[in-house]
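Participant: model this:
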Amino acid sequence: MRTGEPLPAVGDVLASLATGVWHWDTATGLVAVDAEAARLLGLPERATTLTEAQVRARLHPVDWNEITGVVQLAAAEGTLAEVRVRIMDERGRIIRVVRSRSKPAFDAHKRAYELIGTLQEVAEPTPGSPAGRSAVTGDWRRSREAFLLDAGRALAEARSTAEVLRVAAGLSMPGFSPDGLAVFGVEGDRLTIIGHHGQRPGDEGPFVHMSLETDYPAAEVVRTGRAVYLSSPEEYKSRYPLTWPLAQRFNRQSWAFLPLTASGRTMGAWMAAFAYPVAFTPDERSVLTTVARMLAQALSRAGTAESERELSEGLQRSMMPTLGPEVPGMDLAARYVPTGGGLQVGGDWYDMIPLPGGTSRGGHRRREGRFALVMGDVQGHDVRAAGLMGQLRIALRAYASEGHRPDAVLTRASRFLHGITEADDTGDLRFATCLYAAVDPHNGVLEVARAGHPEPVIRMADGTVLQRPTAGGLPLGVDPDADYPTTRFTLQPGETMMICTDGLIETGGHDLDTGWQRIRTILERHEGDTESLADALVQAVHGPSSHHTTGPLVDRREDDIAVLLLSRRRDRADGAAVRVQTRRTLLTVAQAEPERVAVARQQLRELLHDWSSEEQVDSAVLLLSEMLTNVLVHTDADALLIADVSGDKGERRMRVEVSDAGDDLPHKRRPGELASSGRGLVLIELLADAWGVDPRGQGKSIWFELYERPADKS
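Facilitator: Below you'll find the predicted structure:
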């Protein structure tokens with residue numbers, strides 16, 4: 001063609017280059033193609049207008065989905081949309097691969113895209129050849145999909161900002177990987193550095209607290225919400241001359257700055273810097289944009305989780321008190337372990353409350369130094385349970401500080417909890433279990449009131465562990481007028497009392513029975529001090545070893561754990577002596593509580609848990625049942641049980657005594673075959689090694705003794 005002659009028509013030029021032209025308007029759903037574009041799509045070689053469905057039928061399904069993402073990305077960035085497309089015939093076979101390039105525009109009023117582009121056939125290399133394994137072939141698509149799946153999984157599993165940054169630094173993108181990363185946040189009108197990788201510590205200094213109005217790529221990205229790609233140092237210098245000196249010293253060749261957007265809000269920017277030139281093709285931009293979106297979501301989740309942890313730890317610190325100053329003659333230890341789900345604070349709590357001295361209503365002088373131990377569990381594991389726990393704990397402290405007895409403290413607390421939950425507009429009525437123990441450290445006397453809570457456990461001086469039966473009432477908040485009887489007993493020197501919430505017992509799929517056996521084993525075998533015992537209890541049910549001793553229940557929903565230990569020290573005179581070889585239990589069985597006979601039998605079995613002869617244990621339980629039943633049936637008085645074991649193992653003596661206030665002495669009878677009573681003393685005479693009936697100033701006591709002997713000689 002000579003100079004000055006008119007240029008050939010554009011259509012003729014494109015046809016000579018085997019390049020087709022097409023026009024797509026998503027508002028109408030129609031695609032206009034010229035003859036060459038129709039041929040490349042596998043259609044008759046003439047200009048025509050097709051529907052989206054007709055075009056989609058000629059394209060590989062994966063490629064059609066990719067076109068949508070590339071178009072949206074190019075429209076958002078104002079760049080060209082370029083994608084490789086596999087053309088299919090009517091039988092689903094790939095007949096050619098074409099490259100599509102277009103300039104999309106978005107109409108906000110129509111909410112539709114309009115695209116004008118070209119189609120050109122490209123040669124696909126032979127599968128398995130070096131060219132076929134390069135990043136510019138179909139393998140790139142598969143590598144990218146695998147990378148994005150991997151990156152998404154890793155970022156989804158990150159639980160903190162530090163973990164998210166560590167995952168981002170380790171990402172190896174297909175075909176190109178940055179050697180420098182930085183994540184920028186926003187505080188007010190300034191940039192902050194959340195984290196960086198590939199630079200030396202301190203290199204972030206000039207970029208910290210940079211104004212958003214600064215001529216810096218990350219600041220522009222935050223202001224506009226649009227990505228910035230810089231393929232060369234020359235491009236960086238020409239577009240951002242003021243801040244180029246800050247980036248120049250890192251000796252990078254290409255940079256990508258992408259917005260971190262979560263829930264429609266730009267929360268910062270992500271910089272990926274490369275030590276070699278990167279063209280930032282549409283495929284590469286698509287990968288970077290997808291990673292930036294996943295990174296923003298991961299940082300948002302991590303920030304929320306860290307805020308929740310900080311909030312829950314603050315709540316826990318404020319709601320979980322310390323045990324206060326050292327108590328003369330006693331050791332105290334406490335532990336609280338939240339469930340680990342959601343907020344790390346729930347409805348369990350413990351407290352130690354100093355009690356006032358002075359004179360009680362009965363005229364008795366109260367000693368100074370008394371204190372109360374409180375253990376409770378509000379129903380639920382949510383924020384409301386934590387809030388109610390805080391209110392109830394304050395109320396209990398107030399009632400205890402007024403000098404009320406344990407039963408009065410719990411009665412008032414129940415009325416308080418019932419009132420605040422009943423007045424709640426949500427109708428969410430809650431209850432709470434609670435154990436309140438007033439302690440006199442001078443003599444070890446405890447007064448215990450219980451509201452639906454697990455009973456206290458006593459570890460005796462010789463290591464024997466017993467559940468200490470205590471009178472109880474309904475959980476707090478159920479009945480505003482509920483009564484809470486008080487049980488009084490003495491913690492002997494060398495003994496330890498444990499009170500806990502049911503989470504310590506039932507964690508790990510255990511029920512009350514199997515969980516209690518697990519706890520009992522720890523209490524019996526432990527040799528250390530009170531603090532180490534508290535650690536051992538928590539470790540047994542919450543540590544790695546607990547996963548090997550799971551309980552029988554399929555439902556393994558975990559519960560909060562609170563445990564409190566009170567140990568009374570031995571006198572210094574016998575501090576170095578061996579363990580005391582006497583153990584004792586006491587129990588009252590009232591006329592109105594015949595069901596406590598079963599409690600007494602269980603208590604005696606626990607007292608004799610290591611007795612050599614099981615037959616003797618059965619005999620002792622039988623005789624005890626006879627003695628208690630005799631008091632309840634033949635007198636109007638309550639029965640008091642005192643059982644103790646003394647001596648060295650293998651040669652011990654068991655003594656069981658039942659006292660009552662009745663005047664009639666029991667006597668031995670000879671019942672007939674059909675008689676339903678009268679065999680009590682006969683059985684005692686046959687089974688006991690020694691027995692007797694002792695009259696007292698008021699009432700009487702009947703007792704028996706058994707002497708330990710090996711099982712094979714019983």
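Participant: rest of the way, CA atoms for contacts and neighbours
Facilitator: Noted.
Participant: Mind listing residues that contact the one helix or strand residue 398 maps to?
Facilitator: Under the criterion of DSSP states H and E, residue 398 resides in helix 383-401. Helix 383-401 has contacts (Cα atoms under 8 Å, 6 or more residues apart in numbering) with 319, 343, 345-349, 351, 353-356, 372, 377-379, 406, 409-410, 412-413, 416-417.
Participant: Next secondary structure after it?
Facilitator: Next along from helix 383-401, by DSSP H and E: helix 406-422.
Participant: tell me which strands and helices that following helix is in contact with?
Facilitator: helix 383-401, strand 432-440, strand 445-451 (3 or more Cα pairs under 8 Å, 6 or more residues apart in numbering; DSSP states H and E).
Participant: Among those, which comes closest to residue 530?
Facilitator: strand 432-440 (17.4 Å; Cα to Cα).
Participant: tell me the angle the closest one makes with helix 383-401.
Facilitator: Strand 432-440 and helix 383-401 are oriented at 30 degrees to each other (axes from the mean of the first three to the mean of the last three Cα atoms, to 10 degrees).
Participant: Residue 104 is in contact with residue 80, isn't it?
Facilitator: Yes - Residue 104 is within contact range of residue 80, at 7.2 Å (criterion: Cα atoms under 8 Å).
Participant: List the residues that are in contact with both of the two.
Facilitator: Counting by Cα under 8 Å, 6+ apart, the shared contacts of residue 104 and residue 80 are residue 74.
Participant: what about the two, which has more around it?
Facilitator: A count of neighbours by other Cα atoms under 10 Å puts residue 104 above the other of residue 104 and residue 80, at 24 against 18.
Participant: so which strand or helix has residue 288?
Facilitator: With DSSP H and E as criterion, residue 288 is part of helix 282-319.
Participant: For the stretch 601-714 of the chain, give me the ranges with low pLDDT.
Facilitator: The stretch 601-714 of the chain contains residues with pLDDT under 70 at 663-679, 697, 711-714.
Participant: all helices for the stretch 201-350 of the chain, in order.
Facilitator: 217-224, 233-239, 244-248, 282-319 (DSSP state H, counting those that start in this stretch).
Participant: Could you tell me the least trusted of these?
Facilitator: When the helices of the stretch 201-350 of the chain are compared by mean pLDDT, helix 282-319 comes last with a mean of 78.
Participant: give me the number of residues near residue 189?
Facilitator: By other Cα under 10 Å, 13 other residues sit near residue 189.
Participant: Show me which strand runs longest in this structure.
Facilitator: In the chain, assigned by DSSP state E, the strand with the most residues is strand 94-107.
Participant: Mind giving me the packing neighbours of the next helix or strand after it?
Facilitator: Counting by DSSP H and E, the element after strand 94-107 in chain order, helix or strand, is strand 112-122. If you count contacts as 3+ Cα pairs under 8 Å, 6+ apart, strand 112-122 packs onto strand 19-25, helix 35-40, strand 94-107.
Participant: Tell me where the stretch 401-550 of the chain has strands.
Facilitator: 432-440, 445-451, 457-459, 465-467, 472-473, 486-490, 496-500 (DSSP state E, counting those that start in this stretch).
Participant: got CSV for those, with mean neighbour count and distance to residue 235 too?
Facilitator: Converted to CSV, the strands of the stretch 401-550 of the chain look like this (neighbours: other Cα atoms under 10 Å; distance: least, Cα to Cα, whole Å):
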stretch, mean neighbour count, distance to residue 235
strand 432-440, 25, 68
strand 445-451, 25, 75
strand 457-459, 21, 76
strand 465-467, 21, 79
strand 472-473, 22, 80
strand 486-490, 16, 84
strand 496-500, 24, 68
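Participant: what ranges of the stretch 51-200 of the chain fall below the confidence cut-off?
Facilitator: Ranges of the stretch 51-200 of the chain meeting pLDDT under 70: 123-144, 146, 172-176.
Participant: Where do the helices of it begin and end?
Facilitator: 52-58, 61-77, 138-157, 161-169.
Participant: Burial-wise, tell me which of those comes out on top.
Facilitator: Neighbour counts (mean count of other Cα atoms under 10 Å) averaged over each of those peak at helix 161-169, with a mean of 18.
Participant: Does residue 158 touch residue 302 like I think?
Facilitator: Yes - contact between residue 158 and residue 302 holds when scored by Cα under 8 Å: they sit 7.4 Å apart.
Participant: So between the two, which is more surrounded?
Facilitator: Between residue 158 and residue 302, counted using other Cα under 10 Å, the more crowded position is residue 302 (22 against 18).
Participant: burial count for the closest residue to that one other than its chain neighbours?
Facilitator: Closest residue in space to residue 302, ignoring its immediate chain neighbours: residue 160 at 4.7 Å, by Cα to Cα, 6 or more residues apart in numbering. Applying other Cα under 10 Å, we find 18 residues neighbouring residue 160.
Participant: ok, residue 160 to residue 300 distance?
Facilitator: Remark: distance between residue 160 and residue 300 (Cα to Cα, to the nearest Å) = 10 Å.
Participant: Any idea how many residues pack against residue 224?
Facilitator: Neighbour tally, residue 224, other Cα under 10 Å: 10.
Participant: Can you name the residues that contact it?
Facilitator: For residue 224, the contact set (Cα under 8 Å, 6+ apart) is empty.
Participant: how near is it to residue 251?
Facilitator: Computed as Cα to Cα, the residue 224 to residue 251 distance reads 27 Å.
Participant: cool, residue 429 as well?
Facilitator: Per Cα to Cα, residue 429 is found 66 Å from residue 251.
Participant: More neighbours: which of those two?
Facilitator: residue 429 (16 against 12).
Participant: Could you find the closest non-adjacent residue to that one?
Facilitator: Residue 429 sits nearest to residue 421 (Cα to Cα, 6+ apart), 5.2 Å away.
Participant: I'd say that neighbour and residue 415 touch.
Facilitator: No - Residue 421 is beyond contact range of residue 415, at 10.2 Å (criterion: Cα under 8 Å).
Participant: what do the two both touch?
Facilitator: Between them, residue 421 and residue 415 share the contacting residues residue 477, judged by Cα under 8 Å, 6+ apart.
Participant: List the buried residues of stretch 271-286.
Facilitator: Buried residues in stretch 271-286, counted by 16 or more other Cα atoms under 10 Å: 271, 272, 273, 274, 276, 278, 280, 282, 283, 284, 285, 286.
Participant: Need the max-distance pair from those.
Facilitator: Longest span within the buried residues of stretch 271-286, Cα to Cα: 276 and 286, 19.2 Å.
Participant: Save the helices and strands packed on helix 406-422 as TSV, and put in mean pLDDT and distance to residue 597 too.
Facilitator: Rendered in TSV, the data for these read as follows (pLDDT from 0 to 100; distance: least, Cα to Cα, whole Å):
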stretch	mean pLDDT	distance to residue 597
helix 383-401	85	33
strand 432-440	93	23
strand 445-451	93	20
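Participant: Adding distance to residue 467, write the ones you listed out as JSON lines.
Facilitator: Listed next are the helices and strands packed on helix 406-422 as JSON lines, based on distance: least, Cα to Cα, whole Å:
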{"stretch": "helix 383-401", "distance to residue 467": "25"}
{"stretch": "strand 432-440", "distance to residue 467": "14"}
{"stretch": "strand 445-451", "distance to residue 467": "14"}
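Participant: what's the neighbour count on residue 122?
Facilitator: Using other Cα under 10 Å, residue 122 has 12 neighbouring residues.
Participant: May I have the residues that are in contact with it?
Facilitator: If a contact means Cα under 8 Å, 6+ apart, then residue 122 has 96, 97, 98, 99 as its contacts.
Participant: what bridges to it?
Facilitator: Beta bridges link residue 122 to residue 97 when assigned by DSSP bridges.
Participant: What distance do you get for it to residue 347?
Facilitator: Counting by Cα to Cα, the separation of residue 122 from residue 347 is 67 Å.
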